[in-house]
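A.B. asks: got a predicted structure here, sequence first:
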Amino acid sequence: VGDMLQPGDDFGAFLGFDYEANGETFSQSGAAYGRGGGLEALGYVSHGEGKNYDDGNGDEVTGTGVNLLSTLAKLAYSAQGGHRIEFSGQYLVDDDVRPIRANFADVGGRNQFARNKFERRSGVLEYSNTQPTAWFDPTLRISFNESSIERPSPTGSATRIYFDSAVKSVSGLAQNRFVTPWGQLTTGLDFYEDRSETNNYARIDKERATNVGVFAQLRTDASRPLSASAGLRVDTQQYESVDDRDIDNSGLSPNLSLRYAFTPSFALTAGYSYVFGGLQLLESALFHAAEYTYADDVDAQKARNAKLGLEYREGGLKLGVEGFDTRITNSPDVDIEPGVRHNGPDLETRGVNIEAAYDWSRARIGAYYTHAELEYGDAGIRTFAPTFGTPVGDVLKLSSAYAWPAQGLVAGLTAEFTLDYDHDDASETPDLAGYEVVNLYAEYKPTRLQALTLRIAADNVFDQDYVDRFSTSNAENLNIRPLMAQGRSFVFTTRFSF
């Protein structure tokens with residue numbers, strides 16, 4: 001909790017209150033944290049309730065109401081010799097009317113909305129040492145996560161779109177870092193066990209994936225003109241499919257990244273990795289609609305990733321450009337009818353990221369541009385392909401802020417501009433319309449009352465009617481109506497720290 005406490009303090013807390021006009025959403029949050037005698041503790045809770053929001057056209061978007069509770073607790077103890085044990089736990093529940101799929105407003109004109117209760121529970125227990133030596137710098141970690149959704153059938157029997165589903169995961173890590181003449185060497189092993197269970201009120205479908213891996217990663221001294229990081233993983237996976245098949249896979253995952261500094265400010269970066277991904281659990285919600293089987297040739301997912309870039313850092317100036325290319329083989333694909341999982345064509349994404357930013361004493365400004373293309377086999381990916389990804393095309397994001405320290409004021413803006421996305425394949429997939437979204441904000445912290453922060457934000461100032469490009473809800477055909485983004489909204493925030 002040291003990062004949250006003021007210098008010299010051993011206890012702190014805050015209370016926050018938010019009101020969002022579009023949707024009439026009220027949110028409250030609070031936290032308390034402290035330390036003493038080697039102990040550290042933190043508790044946090046937030047709750048929000050609100051109605052459906054309106055899109056940029058002024059239409060109410062059903063299924064977007066807010067009824068969310070989130071809690072977080074952390075407890076840590078540090079002993080002499082640097083031994084540290086930390087536990088964190090989180091609980092989240094969202095309980096409201098939702099569409100059949102979170103990013104669809106409608107499928108086939110059936111207006112399929114139902115009461116959804118989504119819960120997530122997680123816990124992490126970790127041991128580390130804050131006074132490591134050259135040969136003793138360990139991390140031991142065990143984690144648990146459970147995500148579940150309850151969509152109860154109004155009749156108590158099997159009815160399409162109603163089901164209960166849960167995915168539980170247990171994972172662990174044991175590693176140690178060594179200081180060697182060549183750099184820092186990290187070695188260790190990890191594991192995970194993922195289980196899914198879906199009850200559609202007529203049957204219960206289950207899947208399970210277990211993976212054990214060992215790894216080693218060497219990182220050379222970053223202060224030298226040429227620095228590198230190279231590593232290797234070996235994984236073994238056992239998979240129990242929904243149709244009671246046992247599928248075993250294993251594979252290697254090497255990686256290499258390089259950085260060459262021409263000057264202290266200007267550098268070239270490059271990287272390559274080949275990743276054994278195994279078989280990922282199939283989307284459990286699919287099981288409610290059909291009894292799935294696996295094709296005989298289903299194989300482990302594998303990917304290769306490559307990137308090449310240039311970066312420049314001088315004072316407050318930051319410039320960068322990076323090209324990337326990722327190709328996934330044996331991508332997961334399904335035939336919804338009759339319900340078969342099989343290997344899909346290669347999935348490839350490639351493009352470029354360009355960044356420019358400048359920070360000075362009272363202001364900052366930045367721009368980030370992305371051009372990304374997706375291909376599925378020999379064609380561009382469909383706009384409805386939530387299992388694989390979403391087409392992005394060209395996106396420009398801008399940000400700026402200016403501060404008046406003597407008055408305790410900060411004001412700024414963020415903006416996102418996307419160009420039209422034209423599908424160049426022969427399918428009837430609709431093209432995506434571009435949009436421009438601008439957000440403004442101002443924050444006031446009285447110089448004589450630093451504990452108080454007041455903030456007002458205007459999101460989507462020009463009330464743009466659009467579908468978020470980074471959502472997978474864009475329609476493949478007229479049977480699917482995408483979930484429209486929120487229209488103009490004013491958000492008022494008050495926070496008091498003590």
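C.D. replies: Noted; the coordinates are in hand. Residues are numbered from 1 along each chain as shown.
A.B. asks: you'd agree Phe287 is in a strand?
C.D. replies: No: the assignment for Phe287 by DSSP: H, G, I helix; E, B strand; the rest coil gives helix, which leaves it out of any strand.
A.B. asks: test my guess that it contacts Ala202.
C.D. replies: No: at 10.9 Å, Phe287 does not count as touching Ala202 under the criterion of Cβ atoms under 8 Å. Quick note: C-beta positions are derived from backbone N, CA and C, even for glycine.
A.B. asks: out of those two, which sits in the busier spot?
C.D. replies: Phe287 (24 against 12; other Cβ atoms under 10 Å).
A.B. asks: show me the contacts for the more buried one.
C.D. replies: Phe163, Ser165, Thr198, Asn200, Asp205, Val242 (Cβ atoms under 8 Å, 6 or more residues apart in numbering).
A.B. asks: list the contacts for the last one?
C.D. replies: Just to be clear, that refers to Val242. With Cβ under 8 Å, 6+ apart, Val242 has these contacts: Asp205, Lys206, Glu207, Leu282, Phe287, Tyr292, Thr293, Tyr294.
A.B. asks: in terms of helices and strands, where is it?
C.D. replies: Element membership for Val242 (DSSP states H and E) is empty, with no helix or strand holding it.
A.B. asks: for it, give me the pLDDT.
C.D. replies: Looking at Val242, its pLDDT stands at 93.
A.B. asks: the second one now?
C.D. replies: Per-residue pLDDT puts Ser165 at 93.
A.B. asks: is it correct that it is in contact with Ala285?
C.D. replies: Yes: Ser165 lies in contact with Ala285 (Cβ under 8 Å); the separation is 5.7 Å.
A.B. asks: tell me which of those two has more neighbours.
C.D. replies: Neighbours around Ser165 and Ala285, counted as other Cβ under 10 Å, are more numerous at Ser165. The numbers are 21 against 17.
A.B. asks: ramachandran angles for the more buried one?
C.D. replies: phi -150, psi 150 (degrees, to the nearest 10).
A.B. asks: Ala21 now?
C.D. replies: Taking degrees, to the nearest 10 as the convention, Ala21 sits at phi -70, psi -40.
A.B. asks: that one: how many residues sit nearby?
C.D. replies: Considering only other Cβ under 10 Å, Ala21 is surrounded by 14 other residues.
A.B. asks: so where is the stretch 301-450 of the chain shaky, pLDDT-wise?
C.D. replies: Applying pLDDT under 70 to the stretch 301-450 of the chain flags residues 379-389, 423-430.
A.B. asks: could you pull out the strands for it?
C.D. replies: 301-314, 317-329, 331-335, 340-344, 347-360, 363-376, 379-380, 393-404, 409-418, 435-444 (DSSP state E, counting those that start in this stretch).
A.B. asks: measure Arg313 to Thr269 for me?
C.D. replies: 12 Å (Cβ to Cβ, to the nearest Å).
A.B. asks: higher neighbour count, these two?
C.D. replies: Thr269 (17 against 13).
A.B. asks: which strand residues bridge the more buried one?
C.D. replies: Arg259, Gly309 (DSSP bridges).
A.B. asks: dump the contacts of Val242 to TSV, plus pLDDT, secondary structure and distance to Phe17.
C.D. replies: Compiled in TSV, the contacts of Val242 are given as follows (pLDDT from 0 to 100; DSSP: H, G, I helix; E, B strand; the rest coil; distance: Cβ to Cβ, whole Å):
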residue	pLDDT	secondary structure	distance to Phe17
Asp205	92	strand	44
Lys206	94	strand	44
Glu207	96	strand	43
Leu282	87	coil	42
Phe287	82	helix	42
Tyr292	89	coil	47
Thr293	92	strand	52
Tyr294	93	strand	51
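A.B. asks: going by distance to Asp431, which of the residues you listed wins?
C.D. replies: Leu282 (30.2 Å; Cβ to Cβ).
A.B. asks: which residue is the nearest non-sequential neighbour of that closest one?
C.D. replies: Nearest non-adjacent residue to Leu282, counting by Cβ to Cβ, 6 or more residues apart in numbering: Arg341, 5.8 Å away.
A.B. asks: which strand residues bridge that neighbour?
C.D. replies: In this entry, Arg341 is beta-bridged to Tyr294, Val334, by DSSP bridges.
A.B. asks: give me the number of residues near it?
C.D. replies: By other Cβ under 10 Å, 21 other residues sit near Arg341.
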